[in-house]
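Asker: build me a structure from this.
(one chain, ligands or ions: 1)
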Amino acid sequence: MMLDAHLVAAYPPFSLDVRLRVAAGEVVALAGPSGAGKTTALRLVAGLAAPAGGYVLLDGAPLYARPPGRRSVGMVLRDPLLFSHLSVLDNVAFGPRCRGAGTGEARRAATAWLHDVGLGALARARPGELSREQAQRVALARSLAAGPRVLLLDEPLAGVADPARPELRDLLRRHLSCFAGPCVLVTHDPAEAAALADRLVVVENGAIVQDGTPEEVARHPRTRYAARLTTS
Ligand SMILES: Nc1ncnc2c1ncn2[C@@H]1O[C@H](COP(=O)(O)OP(=O)(O)OP(=O)(O)O)[C@@H](O)[C@H]1O
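Answerer: Here you go, the predicted model:
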């Protein structure tokens, strides 16, 4: 499963033009300063922003040609966006339900995913009772439970209190490294990018300024921002 995208956006005076190829099982971090266009790029991959050109292909087939419910794109955003009226279990079961699973089967799958993200004991809780870090774990479980072909994450550690961050980062690393499809992560946090990604794509002013493994970028950073990525 290969993601091959040419991401083009025009929000004058800002414009974005980024070529992105992500292989199956590869985790790519779009890193860059605030306003560089990272979120716009991710939203274009997801079909959430209107492109001004370009394409998004998954194994050579246009992703947007599928109806939104059948694109199999999993997302974890800054805001966990859980359904507040549903239990934690039913939030996670929502993914398998959308794919046609019956209630029992969806809940069994959701229970297994909740255990995987360390929240088995909170299955009956409501989202309002969770910390931000726990809510992000639920959001991750909900995305993965839907069996996505592509996984997209936008600043998944944003808003998580400092003491809880390392554990959530480890959890993300474990799950992202097991994910079979292409995975794209947006972050402005250098430590997060280096810890989670196989490859860094550094974006500044709407264009790629560097593309390489964290080690390659550390050895030969091409911009001041890229240098910061691996020295902090
Ligand atoms: N829908 C939109 N309409 C107009 N301008 C937009 C729109 N979406 C994004 N932009 C502009 O595109 C530029 C890039 O924004 P984007 O959010 O993609 O950057 P970013 O790298 O993700 O930064 P941050 O980390 O601060 O979110 C900004 O100048 C923003 O104002």
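Asker: and the residue most central in space within the chain, helix, strand or coil?
Answerer: Centroid-nearest residue in the chain: Leu153, 1.5 Å away (criterion: C-alpha atoms, centre = their mean). Put simply, Leu153 is strand when judged by DSSP: H, G, I helix; E, B strand; the rest coil.
Asker: so where does Ala139 fall, helix or strand?
Answerer: Assigned by DSSP states H and E, Ala139 belongs to helix 132-145.
Asker: in that helix, what counts as buried?
Answerer: Of all the residues in helix 132-145, those buried under the rule 16 or more other C-beta atoms under 10 Å are 132-145. All C-beta spots, glycine's among them, are computed from the backbone N, C-alpha and C.
Asker: any chance of those residues in a markdown table, plus pLDDT and distance to Asp162?
Answerer: As requested, the buried residues of helix 132-145 are exported to a markdown table (pLDDT from 0 to 100; distance: C-beta to C-beta, whole Å):
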| residue | pLDDT | distance to Asp162 |
| --- | --- | --- |
| Arg132 | 93 | 11 |
| Glu133 | 94 | 10 |
| Gln134 | 95 | 15 |
| Ala135 | 96 | 16 |
| Gln136 | 94 | 14 |
| Arg137 | 95 | 17 |
| Val138 | 96 | 20 |
| Ala139 | 95 | 19 |
| Leu140 | 95 | 19 |
| Ala141 | 96 | 23 |
| Arg142 | 94 | 25 |
| Ser143 | 94 | 24 |
| Leu144 | 94 | 25 |
| Ala145 | 94 | 28 |
